[in-house]
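# sequence unknown, structure follows:
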Ligand code: NI
């Protein structure tokens, strides 16, 4: 397994629309394993392929505290949704930024597993938030796209500043 590099906002590659997965082969299995390791080691609860610069429709998620309930969704579609909830969201591609986003409370999802078999699931609460957030990545949308242009610009500036400080600190220290 290998840890993959996660693209960060405002990287234009995050706006790419992913294509359906067609081959359920060893390469796909390796990608799912690498994405899972990347998500767990970054302490994320979800990761879409778009975030690791692979533009295919697949995502992994695990909202359990024990990190033992991995969900793999290939070619996911939302069949129906109901209700409404607001959740404070963050994203591995927008580090250190959190904002409240309105999402459906319940969703019915249809997807394929690594063998290409179709399954359906009903998700609610945080689980529903997570899959809606990850599916947005697959169409090139980030949670900050729901914010006003002014707030999105503030996010961009905050991240630029964070990167500058990190780069400066790295220059001033020995990293062994
Ligand atoms: Ni995200």
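Cool, got the structure. Here the structure is a predicted model, which means the values were calculated and not measured.
# hang on, isn't residue 86 packed against residue 100?
Yes - here residue 86 lies in contact with residue 100, judged by Cβ atoms under 8 Å, at a distance of 5.1 Å. C-beta coordinates here come from the backbone N, C-alpha and C atoms, glycine included.
# and the strands in the chain?
Listed from the start of the chain, the chain has strands (DSSP state E) covering 46-48, 58-61, 71-82, 85-89, 99-103, 106-112, 118-124.
# residue 1: what's its closest spatial neighbour, skipping adjacent residues?
Leaving out its chain neighbours, the residue that sits closest to residue 1 by Cβ to Cβ, 6 or more residues apart in numbering is residue 37, at 4.6 Å.
# tally of neighbours for the one you found?
As a burial measure, residue 37 scores 16 neighbours (other Cβ atoms under 10 Å).
# circling back: indicate which one of the strands of the chain is closest to residue 137.
Taking Cβ to Cβ as the criterion, strand 46-48 is the member of the strands of the chain that comes nearest to residue 137, at 3.4 Å.
# in the protein, spot the helix with the most residues.
Longest helix in the chain by number of residues, with DSSP state H as the criterion: helix 149-172.
# which residues touch it?
Helix 149-172 has contacts (Cβ atoms under 8 Å, 6 or more residues apart in numbering) with 8-10, 94-97, 99, 144-145, 147.
# closest one to residue 68 out of those, please.
The shortest separation between residue 68 and any of the contacts of helix 149-172 is 25.0 Å, and it belongs to residue 95 (by Cβ to Cβ).
# what residues are up against the closest one?
Neighbouring residues of residue 95 by Cβ under 8 Å, 6+ apart: 8, 159, 162.
# and the most centrally placed residue in the chain, bridged to which residues?
Closest to where the C-alpha atoms of the chain average out (Cα atoms, centre = their mean) is residue 47, at 3.5 Å. Counting by DSSP bridges, residue 47 is bridged to residue 60.
# that one and residue 34 touch, don't they?
No - using Cβ under 8 Å, residue 47 is not in contact with residue 34, being 10.1 Å away.
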